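Asks: Fold the following, please.
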Amino acid sequence: MKKFLFFLFISINFFLLSGCVSLSNPFKSNTFVVKEGYLLLSKINENIAKQMPLDEKIGSNEIKIVKASVFAGPSKNRLTVEAEFIFKSFEIPEGLPAIARFSASLKYNPKTKEFKLTDIRDGEIKFLKEELVEFINKRQRKFIPDTLKIKLQELVLHKSKKRLKIIKSFEVKEGKIKIKFNN
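Replies: I've put the predicted structure just below:
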């Protein structure tokens, strides 16, 4: 009987203590790294639409981005960003609708797991009411593209579920962005 109780005591302790010990899983490795992936432009544009409108007001100047879209750029490693916005000021209180088109690149932040636009370069801005353009002064002509760039860089194009590495390169082709990550 003593042997049985001793054996039972040892068995119970073994099972209780073995729950505290963790054995590493040989199939789960931290060395698995995503080397490349794809983002769909249609999905990116859906994500952008959910974040609209974007407003920025400084003094009497206000920009309201009502729609933004991302397309393939003129080269395979650039994106084209088109933003429809309304500019309001003291001189134009009813608002001046316009469309801006910029060239941009793509960045990924491993801490936030977010893909965003970066390196947004000057493009063209087309005002849709030509008769109101004369009311835009020199400071406002600088304010408009600078503000648009800042607001467009805030957009989250995609939020990853996994932590990835920094983007090494990307290529836009057939409605997809093929991304290569650093090793």
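Asks: Now for the closest residue to His158 other than its chain neighbours: which residues touch it?
Replies: Spatial nearest neighbour of His158, excluding adjacent residues (CB to CB, 6 or more residues apart in numbering): Phe115 at 4.4 Å. For the C-beta atoms, the positions are set from N, CA and C on the backbone; glycine is no exception. Residues near Phe115 by CB atoms under 8 Å, 6 or more residues apart in numbering: Leu39, Ile44, Leu106, Lys107, Tyr108, Val156, Leu157, His158, Lys159, Ser160.
Asks: mind running it again at 7 Å?
Replies: Going by CB atoms under 7 Å, 6 or more residues apart in numbering, Phe115 touches Leu39, Leu106, Tyr108, Leu157, His158.
Asks: For the helix or strand where the first one lies, name the packing helices and strands.
Replies: Just to be clear, that refers to Leu39. Leu39 is located in strand 36-40, with elements delineated by DSSP states H and E. Helices and strands touching strand 36-40, by 3 or more CB pairs under 7 Å, 6 or more residues apart in numbering; DSSP states H and E, are strand 176-181.
Asks: check contacts around Thr118.
Replies: By CB under 7 Å, 6+ apart, Thr118 lies in contact with Ala104, Ser105, Leu106, Lys107, Gln153.
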